[in-house]
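Novice: Sequence below, structure please.
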Amino acid sequence: MRKIRHRFRERIYTVLFKKPYKCFGDTKTPKEGRMVVVPPDKTTYKIFLCTLIHEAIHACAWDLDEEAVAEISTDTAMFLWRCGFRFDKTAFLKEKPIETDF
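Specialist: The predicted structure follows:
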């Protein structure tokens with residue numbers, strides 16, 4: 001299981017890459033413990049990208065309803081895919097994540 005920490009809207013979340021209990025991904029609200037769980041073995045990189053974005057949106061705006069989050073994450077994932085974004089498996093599998101400040 002791979003684990004990283006990431007800041008979403010000034011709150012540090014633990015991000016675990018493992019299979020969630022009953023769903024594609026899971027994000028806990030700040031009151032529930034600030035954790036994001038995403039399975040690393042998605043069927044396609046497009047689905048993996050969409051799931052990462054979906055859970056990031058939940059972490060940033062956990063008060064949005066599921067329908068809005070699903071629509072935003074799908075649209076954003078497809079936009080990034082059409083712009084040429086691709087998953088770098090080599091970077092993902094490194095022991096220590098690459099820290100990048102934007």
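
Novice: switch to C-alpha atoms for all contacts and neighbour counts from now on
Specialist: Will do.

Novice: which residues touch stretch 35-44?
Specialist: Stretch 35-44 has contacts (C-alpha atoms under 8 Å, 6 or more residues apart in numbering) with 13-20, 24-29, 48, 51-52, 55, 59.

Novice: For the buried ones among those, write the corresponding PyMOL selection.
Specialist: Here is the PyMOL selection string for the buried members of those, based on 16 or more other C-alpha atoms under 10 Å:
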select buried, resi 13+14+15+16+17+18+19+24+25+26+27+28+29+48+51+52+55+59
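
Novice: Filter the contacts of stretch 35-44 down to just the ones in strands.
Specialist: Among these, the members falling in strands (DSSP state E) are 13-17, 26-27.

Novice: Sketch out the low-pLDDT regions of this protein for me.
Specialist: Applying pLDDT under 70 to the chain flags residues 20-22, 41-43, 89-102.

Novice: let's see it at 80
Specialist: Low-confidence segments of the chain, defined by pLDDT under 80: 1, 19-24, 29-30, 39-44, 87-102.

Novice: Can you tell me which residue is spatially central in it?
Specialist: Leu52 (2.5 Å; C-alpha atoms, centre = their mean).
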